[in-house]
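Engineer: Kindly generate the corresponding structure for this input.
(2 chains)
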Amino acid sequence: MKAALIICRLFLAAIFLLASVPKIIAPQEFAVAVYRYQLLPDDAINLAAIFLPWIELVAAITILIPRTSAASAAIFFGMLVVFTVAISIDLIRGIDISCGCFTLDADAGPIGWWEVVRDVGFLAVAGFVLWADLRPAKSPASM
Amino acid sequence: MNTAGILLVAVACGAASQLVRRDPIPWFEDWSNYIEAKALKEGIQLATVAQAMTFLQSGTCVILDARPAADYEAGHIPMALSVPYESVADAMVMAQQHLTPAGPIMTYCSGKKCDESFLLTQYLRRQGFTNVVLFAGGFETWSAEGHPVEKGGQ
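Structural biologist: Sure, this is the predicted structure:
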């Protein structure tokens, strides 16, 4: 159980580290990717492009610290819910855009239901970490 | 550190990065003319609604509708061909017979917030079509000006 928890924390840290770096390096390109989703009001697009990657990066680091792991997992869980809903809405609306998740290349393939399935998988991992971190620790007497 | 603490650190890092980096982006930006800005940067010629009307009346310009087929069927600029960017390769097989490499082509999509016409224009230029203009105002501007609209498939 403990090994699974450590692996899941490392997995989420790696995923969100990989996702955050290209966005931090190229905020303008990320803003364009956010814009293309056509879900946020204009005034929120650049703010999302500025702060979202840093939330991913900081939470990717703090999930590796046992004391802050639960809070980081909660942030990842919330972000993944938002990402999954956003991609699903645009797929339903028929908006043909690239994900902007791990690469900002406009010629990257368009979003598909695969991205939704992938994000639901990440959600399960974040949910597991959150559950494992928040469940009451067994006292030696109860073992 | 709890959730609020992590978010606070992240916001501070984001704000600091804006202050120290050479290429900070504006905190707020007017995205309403985004397609135009991108098109001009790429050297794509833009058409106004009046120019779009002139193209239609001249009958020499092939007009391509880059929106999904359902939007095209609900209403489109008269004489426009449906080339949905979401299935551009298949749509171009049908449209190819109407196009010549140097012939005038105008693309449009739903309005200033869409970018399928921009992407279609880039695609056409990569395919060797040299005379492509983009009507960035799109169908919303066209219909708002009271210009004629056709309905149904092609």
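Engineer: Tell me the buried residues in the helix or strand bottoming out on mean pLDDT in chain B?
Structural biologist: Within chain B, no helix or strand scores below helix B:34-41, which has a mean of 74 by mean pLDDT, DSSP states H and E. Judged by neighbour count (16 or more other C-beta atoms under 10 Å in any protein chain shown), helix B:34-41 contains these buried residues: B:Tyr34, B:Ile35, B:Glu36, B:Lys38, B:Ala39. Backbone N, C-alpha and C define where each C-beta goes, glycine included.
Engineer: If I follow the layout properly, the fourth one ends up in contact with B:Phe118?
Structural biologist: The one in question is B:Lys38. Yes: counting by C-beta atoms under 8 Å, B:Phe118 is a contact partner of B:Lys38 at 6.0 Å.
Engineer: who touches both of those two?
Structural biologist: By C-beta atoms under 8 Å, 6 or more residues apart in numbering or on different chains, B:Lys38 and B:Phe118 have no common neighbours.
Engineer: ok, the spatially most central residue of chain B - contacts?
Structural biologist: For chain B, the residue nearest the mean C-alpha position is B:Ser117 (3.0 Å; C-alpha atoms, centre = their mean). B:Ser117 is in contact with B:Ile35, B:Ala66, B:Tyr85, B:Thr107, B:Tyr108, B:Cys109, B:Leu134, B:Phe135, B:Ala136, B:Gly138, counting by C-beta under 8 Å, 6+ apart.
Engineer: Kindly report the same for A:Phe83.
Structural biologist: A:Cys101, A:Asp119.
Engineer: Also the one 3 residues further on?
Structural biologist: For A:Ala86, the set of contacting residues under the criterion of C-beta under 8 Å, 6+ apart consists of A:Tyr37, A:Leu39.
Engineer: What distance do you get for it to B:Ser32?
Structural biologist: Using C-beta to C-beta, to the nearest Å, A:Ala86 is found at 21 Å from B:Ser32.
Engineer: Could you do B:Cys61 as well?
Structural biologist: 26 Å.
Engineer: between these two, which one's more packed in?
Structural biologist: Ranked by neighbour count (other C-beta atoms under 10 Å in any protein chain shown), B:Cys61 and B:Ser32 place B:Cys61 first, with 20 against 11.
Engineer: does B:Pro24 sit in a helix or strand, and which one?
Structural biologist: With elements delineated by DSSP states H and E, B:Pro24 resides in a region that no helix or strand encompasses.
Engineer: What residues of stretch B:18-38 count as buried?
Structural biologist: B:Gln18, B:Ile25, B:Glu29, B:Trp31, B:Tyr34, B:Ile35, B:Glu36, B:Lys38.
Engineer: Let me know whether the first one touches A:Phe51 as I believe.
Structural biologist: No: between B:Gln18 and A:Phe51 there is no contact under C-beta under 8 Å: 9.7 Å.
Engineer: Any part of stretch B:8-27 near chain A?
Structural biologist: Yes: Stretch B:8-27 is in contact with chain A by C-beta under 8 Å from any C-beta of the partner chain, via B:9-11, B:13-15, B:17-18, B:23-27.
Engineer: what does stretch B:34-44 give?
Structural biologist: Yes: applying C-beta under 8 Å from any C-beta, one finds that stretch B:34-44 is in contact with chain A at B:Tyr34.
Engineer: ok, back up a step: now the contacts of B:Ser117: which count as buried?
Structural biologist: B:Ile35, B:Ala66, B:Tyr85, B:Thr107, B:Tyr108, B:Cys109, B:Leu134, B:Phe135, B:Ala136, B:Gly138.
Engineer: and the angle for the helix or strand in which A:Ile45 is found with helix B:34-41?
Structural biologist: Element membership of A:Ile45 [criterion: DSSP H and E] is helix A:42-62. Calculated by axes from the mean of the first three to the mean of the last three C-alpha atoms, to 10 degrees, helix A:42-62 forms an angle of 80 degrees with helix B:34-41.
Engineer: which strands and helices sit next to helix A:42-62?
Structural biologist: helix A:2-25, helix A:27-37, helix A:66-93, helix B:3-20 (3 or more C-beta pairs under 8 Å, 6 or more residues apart in numbering or on different chains; DSSP states H and E).
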